[in-house]
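Asks: just need the structure, nothing else, for what follows:
(one chain, ligands or ions: 2)
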Amino acid sequence: MNNAQFMKAVKACFGNLTENKVFLPEEAVEVPVLQEPLVGFASADDPLFDSYSDPQIIGPDFKEPCEWMPEARSVAVFFFPFTDEIRTRHGESAGPVDEAWNIGYGNHQKIVDTFVNSLASVLSEQGISSLAPAKDKSFRITPIPVMSGDEKDTHYSVSWSNRHAGFVAGLGTFGIHRHLITEKGCCGGFGSLILDCELSPTERRYEEVYEYCIKCGACTERCPVSAITLEHFRNLKKCSAYAGQVRETYGGMCGRCLAGIPCAHGIPSEA
Ligand code: SF4
Ligand code: SF4
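Replies: Ligands and ions are numbered 1, 2, ... in the order given. Modelled structure (predicted):
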């Protein structure tokens, strides 16, 4: 299989997704949730994967593609931007949560998983083995207390990160909000597959980890609890505490730092 054939399978599986919509009771409308994914490819033995076990980046829990699957040759990473129906409502809402975001975000991972499973089945019919590490039962996440400036923070040592894999696969760079900024912005969901077939890696059009972030500070202003600063980026401890409260009170997800900002829909330096 080559990259073009892989992309044909991606398009077909995405086109066949009947689940890609949610009903908004307050507005009594049905809206689509995700756009067709951007896809980035990386070689399974890209040295950047090796660097991720550094505690300053991800940590010792991180497993390289060949540790997940010894026959790994490539990694495909999918970024699904939320539709304009979802992200525009979320960006314009006064908060703390917007119905479209709440329901759309709440359902998006199920939609991504359905897509990834259906693509894995199609590939399997063509003799290609694949594994979705973030969904594997051996996936691990270890919270580690750290300091960020003068404040307590939490670092998560994970055995796989779709966003970090997306960086390797040429999808984009991080912003100070710690989301990945792609050519279709940062407001979306991720999936990935490790594959036993050789595909051409996507060119990385950047060198620095935060290259696409213009440090405009818009995400710092969107955050209700000042969890993001230009000096120390997103404090995950502070963020999770507030996001947990929002979930308990409204049953929704905060995510205000994903919309209504210059990097929500594209790369700000190119806008
Ligand atoms: S809103 Fe501005 S500062 Fe925040 S991540 Fe995006 S580009 Fe960077
Ligand atoms: S998710 Fe909410 S609380 Fe967390 S950094 Fe973003 S805006 Fe702040």
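Asks: this protein: strands as residue ranges?
Replies: 21-24, 29-32, 38-43, 74-81, 130-131, 141-148, 151-158, 172-174, 180-182, 188-195, 228-229, 233-234 (DSSP state E).
Asks: for those, give me JSON lines that also has mean neighbour count and distance to Gly255.
Replies: In this view, the C-beta of every residue, glycine as well, is placed from N, C-alpha and C. Shown next, in JSON lines, are the strands of the chain (neighbours: other CB atoms under 10 Å; distance: least, CB to CB, whole Å):
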{"stretch": "strand 21-24", "mean neighbour count": "16", "distance to Gly255": "15"}
{"stretch": "strand 29-32", "mean neighbour count": "14", "distance to Gly255": "16"}
{"stretch": "strand 38-43", "mean neighbour count": "22", "distance to Gly255": "19"}
{"stretch": "strand 74-81", "mean neighbour count": "26", "distance to Gly255": "14"}
{"stretch": "strand 130-131", "mean neighbour count": "20", "distance to Gly255": "28"}
{"stretch": "strand 141-148", "mean neighbour count": "12", "distance to Gly255": "19"}
{"stretch": "strand 151-158", "mean neighbour count": "16", "distance to Gly255": "17"}
{"stretch": "strand 172-174", "mean neighbour count": "23", "distance to Gly255": "16"}
{"stretch": "strand 180-182", "mean neighbour count": "25", "distance to Gly255": "14"}
{"stretch": "strand 188-195", "mean neighbour count": "24", "distance to Gly255": "11"}
{"stretch": "strand 228-229", "mean neighbour count": "20", "distance to Gly255": "12"}
{"stretch": "strand 233-234", "mean neighbour count": "21", "distance to Gly255": "12"}
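Asks: next, the residue in the stretch 151-271 of the chain that ligand 1 sits nearest to: phi, psi?
Replies: Of all residues in the stretch 151-271 of the chain, Gly175 sits closest to ligand 1, at 2.6 Å by CB to the nearest ligand atom. Per-residue torsions, Gly175: phi -110, psi 170 (degrees, to the nearest 10).
Asks: chain center to stretch 134-150, what's the gap?
Replies: Counting by CA atoms, centre = their mean, to the nearest Å, stretch 134-150 is centred 16 Å from the centre of its parent chain.
Asks: other residues contacting that stretch?
Replies: For stretch 134-150, the surrounding residues in contact (CB atoms under 8 Å, 6 or more residues apart in numbering) are 55, 59, 61, 68, 113, 116, 133, 152-162, 191-192, 229, 231-233, 235, 237.
Asks: mean pLDDT added to the strands of the chain, as CSV?
Replies: Formatted as CSV, those follow (pLDDT from 0 to 100):
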stretch, mean pLDDT
strand 21-24, 94
strand 29-32, 95
strand 38-43, 98
strand 74-81, 98
strand 130-131, 98
strand 141-148, 93
strand 151-158, 94
strand 172-174, 98
strand 180-182, 98
strand 188-195, 98
strand 228-229, 96
strand 233-234, 94
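Asks: columns distance to Arg204 on top of those strands, output as JSON lines?
Replies: Output for the strands of the chain, formatted as JSON lines (distance: least, CB to CB, whole Å):
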{"stretch": "strand 21-24", "distance to Arg204": "34"}
{"stretch": "strand 29-32", "distance to Arg204": "30"}
{"stretch": "strand 38-43", "distance to Arg204": "9"}
{"stretch": "strand 74-81", "distance to Arg204": "12"}
{"stretch": "strand 130-131", "distance to Arg204": "23"}
{"stretch": "strand 141-148", "distance to Arg204": "26"}
{"stretch": "strand 151-158", "distance to Arg204": "22"}
{"stretch": "strand 172-174", "distance to Arg204": "9"}
{"stretch": "strand 180-182", "distance to Arg204": "12"}
{"stretch": "strand 188-195", "distance to Arg204": "16"}
{"stretch": "strand 228-229", "distance to Arg204": "25"}
{"stretch": "strand 233-234", "distance to Arg204": "21"}
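Asks: so which residues of this structure form helices?
Replies: Ranges of helices in the chain, per DSSP state H, are 3-15, 47-51, 65-68, 84-92, 99-125, 162-168, 218-222, 236-250.
Asks: winner for burial among those helices?
Replies: Comparing the helices of the chain by mean neighbour count (mean count of other CB atoms under 10 Å), helix 162-168 ranks first with a mean of 22.
Asks: what's near enough to touch His265?
Replies: Listed by CB under 8 Å, 6+ apart, the contact partners of His265 are Pro81, Arg87, Lys184, Gly185, Cys187, Ala271.
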